[in-house]
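**Student:** my questions concern the predicted model and sequence given below.
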Amino acid sequence: MSVAQTQTIRQALKTLLLSQDRSLRELSQLLSRPEKEILVHLEHLAKHPGPGYRFVLIPARCRRCGFVFSQRVRVTAPSRCPRCRQTDLARPRYALELQQGRTPKKQDADAP
Ligand SMILES: [Zn+2]
């Protein structure tokens, strides 16, 4: 995949995440890209959201007992609840927020 394509997808991803929070599956469908590839971009965005932006990770949650995976730093989804051992988990969601009091000068000012 070319650098230009990577930039385009990352920009589209940013736009989607700025409008509302999304799950990995939603992003994969909206951008017509495999989840694996979206994850790479999400992990990059989590570390380098760009000046004026903040990456928001809404943690996975167990639908059975309500356990929240707040300790989890990585963006990948857990597979099983450590408390009740169920696999019925609400998957993590992702969003981008504008930091208050700062206006981004350039949309793609983050490092390549
Ligand atoms: Zn649970």
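**Tutor:** Good, I have the coordinates. Residues are numbered from 1 along each chain as shown.

**Student:** OK, contacts around R61?
**Tutor:** 67-69, 89-90 (Cβ atoms under 8 Å, 6 or more residues apart in numbering). (Each C-beta comes from the backbone N, C-alpha and C, glycine too.)

**Student:** any idea how far K47 is from it?
**Tutor:** The gap separating R61 from K47 is 24 Å, by Cβ to Cβ, to the nearest Å.

**Student:** ok, and what's touching stretch 32-42?
**Tutor:** By Cβ under 8 Å, 6+ apart, stretch 32-42 touches 6, 9-10, 13, 24-25, 27-28, 31, 75-76, 94.

**Student:** how about low-confidence regions in this structure?
**Tutor:** Residues of the chain that meet the criterion pLDDT under 70 lie in 1, 71-77, 101-112.

**Student:** in three-state terms, label the one residue sitting closest to the centre of it for me.
**Tutor:** What sits nearest the mean C-alpha location of the chain, by Cα atoms, centre = their mean, is Y94, with 3.7 Å. The local conformation at Y94, judged by DSSP: H, G, I helix; E, B strand; the rest coil, is strand.

**Student:** on that earlier part again, filter the contacts of stretch 32-42 down to the buried ones, ChimeraX style.
**Tutor:** Here is the ChimeraX command that selects the buried residues among the contacts of stretch 32-42 (16 or more other Cβ atoms under 10 Å):
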select :9,10,13,24,27,28,31,75,94
